[in-house]
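**Student:** kindly return the folded structure for what I paste below:
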Amino acid sequence: MANRVTKAVFPVAGFGTRFLPATKSVPKEILPLVDRPLIQYAIDEARAAGISEFIFITSRGKSALEDYFDSAPELEAALREGNKTRLLDTLKQTDMESGAVAYVRQHERRGLGHAVWCARRLIGDEPFAVMLPDDVIDAEKPCLQQMIEAHAETGGNMVATMEVARESVSSYGIVDVDTSTGAASMPVRSMVEKPRPEVAPSNMAVIGRYILTPQVLRNLDDVEAGAGGEIQLTDAIAAEIAAGRDVRAFRFEGRRFDCGTQPGYLQATVAFGLARPELRDEFRDFLRSFVCSETGAPGKAAAGSR
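**Tutor:** This next block holds a predicted model:
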């Protein structure tokens, strides 16, 4: 049986340049997906998986992210006085127990590997999760919970994977695995960061969920800058494979939205909006009307023409 995973690292130090000018003053992780910020989806997923210690790798300009998880006594008092119990319950979901959250500054943006390495003193000698809030995963059983349950049986290192189009492999870490068995958890033979399509070992891409051993942090001490001139987490995990230690790819059940890109963020907004019972009917009617007006379908009123 593997040691229980109770700590998660959230690298949130990036500029979020794809969402400028919005991210000039607002951290990307605070951008709302319907009515919850992206970071809240990651936190909820982590809590469902049994995570009790949350480590944020931050940078200058991220104070709004820290404030989000702080208490808001004046707002809570106003909601209580107005008997707005539903909103008060919603607000309490953002509360974090004192001592459960730690913030570590990444003074230089040197890649994901470096960001994770910054948490080494808080991790100690136990397995830990890494979650990238940009990757929002809609699943009946939260993705990290699926992984932790599988990891309890195998131990070692585990990365979440999904199939991507062959022409897109150069945007991901890619693993070499045997998918013919149909198993959810597969031994990784090799992995490479952002390969050219013609040399990629597969189209199985690593996405933003990891369970790692402390040895990966020690590997990062020796990793040199790789793809894009950054310290790549993939290289530190690949060192585990080279050393003969267990690295497994986990094919999760669910839909992943890349909310680090504008198209992915918009797609997630539609999917999560339609999933909300109180929003579904009005939102769906609008989308149908809007799409029909854009395509010129006969007999349909344009949005807003009622």
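**Student:** show me the helices in this protein, by range?
**Tutor:** 38-48, 63-68, 73-81, 85-92, 112-117, 120-123, 143-154, 214-220, 233-242, 262-274, 277-295 (DSSP state H).
**Student:** list the contacts of the first one.
**Tutor:** When contacts are taken as CB atoms under 8 Å, 6 or more residues apart in numbering, the neighbours of helix 38-48 outside the stretch itself are 8, 10, 12, 28-33, 54, 65, 68, 93-94, 96, 129, 131-134, 136-137, 142-145, 259. In short, each C-beta sits where N, CA and C put it, glycine included.
**Student:** next one: the closest residue to Arg276 other than its chain neighbours relative to Ala77, how far apart?
**Tutor:** Leaving aside its sequence neighbours, Arg276 sits nearest to Val34 (CB to CB, 6 or more residues apart in numbering; 6.6 Å). The spacing between Val34 and Ala77, counted by CB to CB, to the nearest Å, is 26 Å.
**Student:** more neighbours, those two?
**Tutor:** Each of Val34 and Ala77 has its neighbours counted (other CB atoms under 10 Å); Val34 has more, 16 against 11.
**Student:** pretty sure the more buried one sits against Val270.
**Tutor:** No: the pair Val34 / Val270 is not scored as a contact, 10.0 Å apart, by CB atoms under 8 Å.
**Student:** what residues are shared contacts of those two?
**Tutor:** Shared contacts of Val34 and Val270 (CB under 8 Å, 6+ apart): none.
**Student:** now the strands for the stretch 101-250 of the chain?
**Tutor:** Listed in chain order, the strands of the stretch 101-250 of the chain (DSSP state E, counting those that start in this stretch) span 101-105, 128-131, 135-138, 157-163, 173-176, 185-187, 190-193, 204-212, 247-251.
**Student:** okay, those, which one's buried deepest?
**Tutor:** Highest mean neighbour count among the strands of the stretch 101-250 of the chain (mean count of other CB atoms under 10 Å): strand 128-131, with a mean of 25.
**Student:** mind giving me the packing neighbours of that strand?
**Tutor:** strand 7-11, helix 38-48, helix 143-154, strand 204-212 (3 or more CB pairs under 8 Å, 6 or more residues apart in numbering; DSSP states H and E).
**Student:** list the buried ones in the second one?
**Tutor:** The reference is to helix 38-48. Residues 38-43, 45-47 are the ones in helix 38-48 that count as buried (16 or more other CB atoms under 10 Å).
**Student:** please apply the same query to the third one.
**Tutor:** When neighbours are counted by 16+ other CB under 10 Å, the buried residues of helix 143-154 are found to be 143-148, 150-151, 154.
**Student:** name the nearest of those relative to Ser170.
**Tutor:** For the buried residues of helix 143-154, the minimum distance to Ser170 (CB to CB) is 23.8 Å, reached by Cys143.
**Student:** doesn't Phe257 make contact with the closest one?
**Tutor:** No: the pair Cys143 / Phe257 is not scored as a contact, 11.8 Å apart, by CB under 8 Å.
**Student:** which residues do the two both contact?
**Tutor:** Ile137.
**Student:** and Ala165, what does it touch?
**Tutor:** Ala165 touches Asn203, counting by CB under 8 Å, 6+ apart.
**Student:** and the pLDDT for it?
**Tutor:** Looking at Ala165, its pLDDT stands at 92.
**Student:** over to Pro187?
**Tutor:** So, for Pro187, pLDDT stands at 92.
**Student:** swap in the one 4 residues further on?
**Tutor:** On the pLDDT scale, Met191 is placed at 88.
**Student:** contacting residues for it?
**Tutor:** Here Met191 is in contact with 159, 173-176, 201, 206, 234, 237-238, 241, 247 (criterion: CB under 8 Å, 6+ apart).
**Student:** again with Lys141
**Tutor:** Contacts for Lys141 (CB under 8 Å, 6+ apart) come out as Glu253.
**Student:** ok, Val159 touching Gly208?
**Tutor:** No: counting by CB under 8 Å, Gly208 is not a contact partner of Val159; they are 9.6 Å apart.
**Student:** contact partners for Asp178?
**Tutor:** Taking CB under 8 Å, 6+ apart, we find Asp178 in contact with 186-187, 189.
**Student:** may I have the phi/psi pair for it?
**Tutor:** phi -100, psi 100 (degrees, to the nearest 10).
**Student:** from Arg166, how far off is it?
**Tutor:** Using CB to CB, Asp178 is found at 18 Å from Arg166.
**Student:** same thing with Arg120?
**Tutor:** Arg120 sits 36 Å away from Arg166, going by CB to CB.
**Student:** go on, Arg255?
**Tutor:** For Arg255, the distance to Arg166 equals 20 Å [CB to CB].
**Student:** equivalent analysis for Arg105, please.
**Tutor:** Going from Arg105 to Arg166 by CB to CB gives 39 Å.
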